[in-house]
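Asker: I would like to see how this sequence folds:
(one chain, ligands or ions: 1)
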Amino acid sequence: MTNPLRDALAAGRFCYVVELVASALTREARLLEAASGLARIPAVVAGSVTSYAGGAMGHDPLRVAAAARARGLTPNIHLTCVSQDRRELAKSLEDMHALSLENVFALTGDYPGAGDQPPVFDLDSVQLVRLIDERRRAGMPFHVAVAVSPFKYTEADCVYQYVKLEKKIAAGADVAVTQVGWDARKFAELKRYLDERGLRTPLLGNVYVLGPKTAERMATGRPPGCWVAPKLLAAVQAESRARDGGRQARLERAARTVAILRGLGYAGAYIGGTHDAANIGWIIRRADELAPRWDALAAELGYGATGGFYLPTRTSSTHAPAGAPAASAQSRPRAERVPRVLDWLGRAFPVSRDTRLRRALTRVFRWIDRRRPAAVLLERVELAIKKPLFGCQACGNCVLGHLEYVCPQTCPKQLRNGPCGGTDRGRCEVVPDKPCIWIAVYERACASGDLEALKTYVPPPDRQLQGTSSWINYFLDRDARPDRLLVISGADSTRGGHR
Ligand code: SF4
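Answerer: Residues are numbered from 1 along each chain as shown. Purely as a prediction, here's the structure:
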């Protein structure tokens, strides 16, 4: 079976993916009517069916996807880590495969807005890509899209987004789609970041047809990760006073953005904010007309944050691996004492390889492990030490040493491979009055000059080890950590039977 999205990207043909928001507010019949219209536009290679958009339940994305395909539109299905553990995610992939649905958009997902119980985030988006890749190696031909946001205006937020994209690519991503944004310098920055590292993963630029209501909401940072600058909000509000309510101006801005993306070497555009076939057709035709002027148009699309961070070119950077800027060298944070002391201890008393010390400690921990009261006591001692220092939650799979001594369990989404796209100038999406924990990871890595370490893949924890001593698990090789990867899917887990 052909896959127009995969084929267009492989052929280097500029293509369009249009978002179909399968929210509870949109009638399914209307979505499918839109799908029929889009299927008649040859440049539209897929309809991207959302799941859990904005943190709220909508229609079943698989049902909408199958129905859209029956109307001739190839679906690209959003699969989020929200409230689905690895077994359920694996099951969703099996269901997709059974329906011959290939295109999957792997996302962390927005934190749900309501509910008594904190939601499950068993995997993060990098781990999800690996899970899909495991399935692909087992014969399910998935095509994996991932998200990236260049529209971050502090150094840590921005560079970590790019580092995380590299991790997604290493995990098996086929195409990256940007977050919404209206800043040509940032679109160019992302493309340059990949080019400078020889990464050929195609990029789809997000082109959102922005009306005044959505602009007002995004100006407040809602949904998380989407941001409209005050200058753009004022422009959209002024446009909306025109006779047509600003429709023509919105479509023109979208067409100009598409022309810029083409000029920058993007593989395509991901259009949101409208799925009306007449609008999409107009944008495509107008973008074709505007394509030769893309450079001049790029100079006009400048709705970034005043004084915001832009990544310098690699040649002007002092600490090359992740590409942080030369300017930051003077303002690098000082290494904090506890992480540095622990690093020193790790070097002075090596236990990560087969040393006499490791063998001796393994014997001690095995002895403790065989005596349940002693094992419980050790777990309590470990927690008593690590909780005040790191906010430890006794996950049993300690990766502090791989994350600059920041505990990933203190992230509300429990991510282990970098921040989600919802950060707002270094603040957490879920608890906005708190800094995102990944800022500390980035700053400590910067201070120790080891940004390259941020690219290490951190596997999902083995949840069966919750409440046990990570020290015992480490020495008895039970835990999941970067140097001890396990098959992700619960169904295939190499764990089990050890407790
Ligand atoms: S990673 Fe797990 S064991 Fe380590 S500090 Fe965090 S909760 Fe505790």
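
Asker: sec struct for V207, please.
Answerer: Secondary structure assignment for V207 (DSSP: H, G, I helix; E, B strand; the rest coil): strand.

Asker: number of residues surrounding it?
Answerer: For V207, the neighbour count with other C-beta atoms under 10 Å is 28. Every C-beta, even on glycine, is put in place using the N, C-alpha and C of the backbone.

Asker: who's in contact with it?
Answerer: Contact partners of V207, counting by C-beta atoms under 8 Å, 6 or more residues apart in numbering, are A254, T257, V258, L261, A269, Y270, I271, G272, I283.

Asker: the third one and A287, how far apart?
Answerer: By that I understand V258. Distance from V258 to A287, counting by C-beta to C-beta, to the nearest Å: 4 Å.

Asker: for the fourth one, same thing?
Answerer: Counting by C-beta to C-beta, the gap from L261 to A287 is 9 Å.

Asker: tell me which of those two has more neighbours.
Answerer: L261 (28 against 24).

Asker: quick one: contacts for the more buried one?
Answerer: Contact analysis of L261 by C-beta under 8 Å, 6+ apart lists F187, G205, V207, G268, A269.

Asker: residues in contact with the first one?
Answerer: Contacts for F187 (C-beta under 8 Å, 6+ apart) come out as P150, T178, G181, G205, I260, L261, L264, Y266.

Asker: tell me how far the worst-scoring helix or strand of the chain on mean pLDDT lies from the chain's centre.
Answerer: For the chain, using mean pLDDT, DSSP states H and E, the weakest element among its helices and strands is helix 337-348, scoring a mean of 86. Here the centre of helix 337-348 is set off from its chain's centre by 31 Å, with C-alpha atoms, centre = their mean, to the nearest Å.

Asker: what's the first helix or strand after that helix?
Answerer: Using DSSP states H and E, the helix or strand that directly follows helix 337-348 along the chain is helix 356-369.

Asker: now the stretch 351-499 of the chain, which segments are flagged as low pLDDT?
Answerer: 489-499 (pLDDT under 70).

Asker: hmm, try it at 50
Answerer: For the stretch 351-499 of the chain, residues meeting the criterion pLDDT under 50 lie at 491-499.

Asker: show me where it has helices.
Answerer: For the stretch 351-499 of the chain, helices defined by DSSP state H, counting those that start in this stretch occupy the ranges 356-369, 372-390, 437-447, 470-475.

Asker: sec struct for A269, please.
Answerer: Following three-state DSSP, we place A269 in the strand state.

Asker: count the neighbours of it for me.
Answerer: 30.

Asker: ok, now which ones touch it?
Answerer: Contacts for A269 (C-beta under 8 Å, 6+ apart) come out as F14, C15, Y16, V17, L204, G205, N206, V207, T257, V258, L261, A287.

Asker: now, which of those residues lie within helices?
Answerer: Those of the contacts of A269 mapping onto helices are T257, V258, L261, A287, per DSSP state H.

Asker: give me the subset of those residues touching the ligand.
Answerer: Checked against the ligand using C-beta under 6 Å from any ligand atom, the ones in helices among the contacts of A269 give no members in range.

Asker: mind listing what the residue of the stretch 1-150 of the chain at minimum distance from the ligand touches?
Answerer: Going by C-beta to the nearest ligand atom, the ligand is nearest to D124 of the stretch 1-150 of the chain, at 13.7 Å. Contacts here follow C-beta under 8 Å, 6+ apart; on that basis D124 touches C81, T108, K413, Q414, L415, R416, N417, C420, P460.

Asker: what parts of the stretch 151-300 of the chain come near the ligand?
Answerer: Contacts of the stretch 151-300 of the chain with the ligand, taken as C-beta under 6 Å from any ligand atom, are absent.

Asker: need the pLDDT of the residue in the stretch 151-300 of the chain positioned nearest to the ligand.
Answerer: Nearest to the ligand, among the residues of the stretch 151-300 of the chain, is K167, at 18.1 Å (C-beta to the nearest ligand atom). We have a pLDDT of 98 for K167.

Asker: which stretch of helix or strand covers it?
Answerer: helix 155-171.

Asker: and the angle for that helix with helix 437-447?
Answerer: Orientation of helix 155-171 against helix 437-447 (axes from the mean of the first three to the mean of the last three C-alpha atoms, to 10 degrees) gives an angle of 90 degrees.

Asker: buried residues in stretch 385-405, which are they?
Answerer: Judged by neighbour count (16 or more other C-beta atoms under 10 Å), stretch 385-405 contains these buried residues: 386, 390, 392-400, 402-405.

Asker: how far out from the middle of the chain is that stretch?
Answerer: Stretch 385-405 sits 23 Å away from the centroid of its parent chain (C-alpha atoms, centre = their mean).

Asker: if you average pLDDT over the helix or strand containing E88, what comes out?
Answerer: In this assignment (DSSP H and E), E88 forms part of helix 86-98. The average pLDDT within helix 86-98 is 96.

Asker: ok, and what's touching the helix or strand just after it?
Answerer: Remark: after helix 86-98, the chain's next helix or strand is strand 103-107, criterion DSSP H and E. With contact meaning C-beta under 8 Å, 6+ apart, strand 103-107 is reached by 3, 5-6, 46, 48, 74-81, 93, 96, 125, 128-129, 132, 142-147, 168, 173, 177.

Asker: one more time with 7 Å
Answerer: Outside strand 103-107, the residues that touch it by C-beta atoms under 7 Å, 6 or more residues apart in numbering are 3, 5, 46, 48, 74-80, 96, 125, 128-129, 132, 142-147.

Asker: so which of these are in strands?
Answerer: Of the positions in the contacts of strand 103-107, 46, 48, 75-80, 143-147 sit in strands, assigned by DSSP state E.

Asker: who wins for most neighbours among those residues?
Answerer: With neighbours taken as other C-beta under 10 Å, the top of the ones in strands among the contacts of strand 103-107 is A46, carrying 32 neighbours.
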